[in-house]
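Colleague: no FASTA, just this:
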Ligand code: TYM
């Protein structure tokens, strides 16, 4: 039995990194596995700051899931905070985790840099909540971008640790990372990942960017020295742009490189911008339709939360019983 679980934090806009690193895998995998569950992980969205329009953001992200092709015939979608079992299991898993292993998490180190004593306990503890999300549903596979690999590995370690003490409780999950995408880099700095919390909007292409804005952002994207349009280690910017081109067009990198032999960065960027626009337009139209009916969307999410309740409650009850919590 293969069950996938994944989620996105509703901290702001969705960008092409989220799509190519995570959502595109979800769309594909939902037809290949027995069960898929996709969550809007709102409790993860409050660890650094409390986004102003969190409730609105949650609905927006859910609408994007559907607009991108999450198929309700195949998949369940819901909101993390609507299932109390996540927080409850996270507490229990806290007691099986060490300060040392959480302190080694790269994302924590990056986000707490220079402010160690003033970041929230939630930021430190975040990977445990993520482990709870995954283990609660007995996910066999977790499709994510590469930046989340370390967190999925922690979920694996915790599952194994718990099982060593209380055998056969958790399924040990595998991360699924699309090797061709892995990590989409920022348009304005190919040494960093594309990120919604980045200071500048020239970092990313948002899924809801207008054609004009996409053209502007791509035309300003950083390039490498030289003029060759190839994906190579010494050409991080072009490698990233070619990855994006390949992701939105479905064409392989080699054939794209062949198309642009002897052409300049300007031609390439124009073609890339048009390809992204073509790719996003139908999704944007679908998104507008879905978000226009918020009541329907709320009902989908409420039904989703109900439909995963039996799995969540069963796991939590088993965990509590094995430890001896309650009477
Ligand atoms: P989040 O919300 O930061 O990102 C959502 C998904 O998008 C992927 N991603 C990227 N992939 C490639 N290139 C990029 N530049 C890029 N930026 C983001 C992320 O890897 C992720 O798959 N902790 C998670 C959310 C989470 C979760 C979970 C995921 C909470 N519980 C359980 C899976 C299972 C996060 O912050 O992702």
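Modeller: Sure thing, it's come through. Here the structure is a predicted model, which is why all the values come from computation and not from measurement. Residues are numbered from 1 along each chain as shown.

Colleague: state which helix of this protein is the longest.
Modeller: Of all the elements of type helix in the chain, the one with the most residues (DSSP state H) is helix 294-323.

Colleague: check whether that one comes near the ligand.
Modeller: No - between helix 294-323 and the ligand, judged by Cβ under 6 Å from any ligand atom, nothing touches; the nearest distance is 13.2 Å. Glycine gets a C-beta too; all of them are placed from N, C-alpha and C.

Colleague: any buried residues in that helix, and which?
Modeller: Going by neighbour count (16 or more other Cβ atoms under 10 Å), the buried part of helix 294-323 is 297, 300, 301, 304, 305, 308, 311, 312, 315, 316, 319.

Colleague: wait, the last one touches residue 91, no?
Modeller: No - when contacts are counted by Cβ atoms under 8 Å, residue 319 is not listed as touching residue 91 (10.8 Å).

Colleague: from the contact counts, what lies against the longest helix of the chain?
Modeller: Under the contact criterion of 3 or more Cβ pairs under 8 Å, 6 or more residues apart in numbering; DSSP states H and E, helix 294-323 touches helix 54-68, strand 75-79, helix 85-94, helix 121-136.

Colleague: near the ligand, which residues of the protein are found?
Modeller: So the chain meets the ligand at 5-9, 17-18, 21-22, 41, 44, 130, 133-134, 142, 144-145, 147-148, 151, 181, 183-184, 193-194 (Cβ under 6 Å from any ligand atom).

Colleague: ok, residue 160 - how many residues close by?
Modeller: By other Cβ atoms under 10 Å, 11 other residues sit near residue 160.

Colleague: which residues of the chain fall in helices?
Modeller: 16-18, 24-29, 54-68, 85-94, 99-103, 106-112, 121-136, 149-165, 211-220, 236-249, 253-259, 265-291, 294-323.

Colleague: what mean pLDDT does the last one get?
Modeller: The predicted model assigns helix 294-323 a mean pLDDT of 98.

Colleague: distance from the chain centre to it, please.
Modeller: 20 Å (Cα atoms, centre = their mean, to the nearest Å).

Colleague: that one versus helix 149-165: what angle between them?
Modeller: 40 degrees (axes from the mean of the first three to the mean of the last three Cα atoms, to 10 degrees).

Colleague: what's the local residue count around residue 100?
Modeller: There are 7 residues near residue 100, going by other Cβ under 10 Å.

Colleague: before we move on, the earlier item: need the least confident one among the helices of the chain, by mean pLDDT.
Modeller: helix 106-112 (a mean of 91).

Colleague: contacts for it, please.
Modeller: The contact list for helix 106-112 (Cβ atoms under 8 Å, 6 or more residues apart in numbering) reads 48, 102, 103, 119, 123, 124, 126, 127, 147, 150, 151.

Colleague: one step back: ok, so of the buried residues of helix 294-323, who is nearest residue 58?
Modeller: Ranked by distance to residue 58 (Cβ to Cβ), the buried residues of helix 294-323 are led by residue 301 at 8.1 Å.

Colleague: doesn't residue 83 make contact with that closest one?
Modeller: No - if you go by Cβ under 8 Å, residue 301 and residue 83 don't touch, sitting 10.9 Å apart.

Colleague: got the helices and strands packed on helix 294-323 as TSV, with mean neighbour count columns?
Modeller: Output for the helices and strands packed on helix 294-323, formatted as TSV (neighbours: other Cβ atoms under 10 Å):
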stretch	mean neighbour count
helix 54-68	21
strand 75-79	23
helix 85-94	19
helix 121-136	22
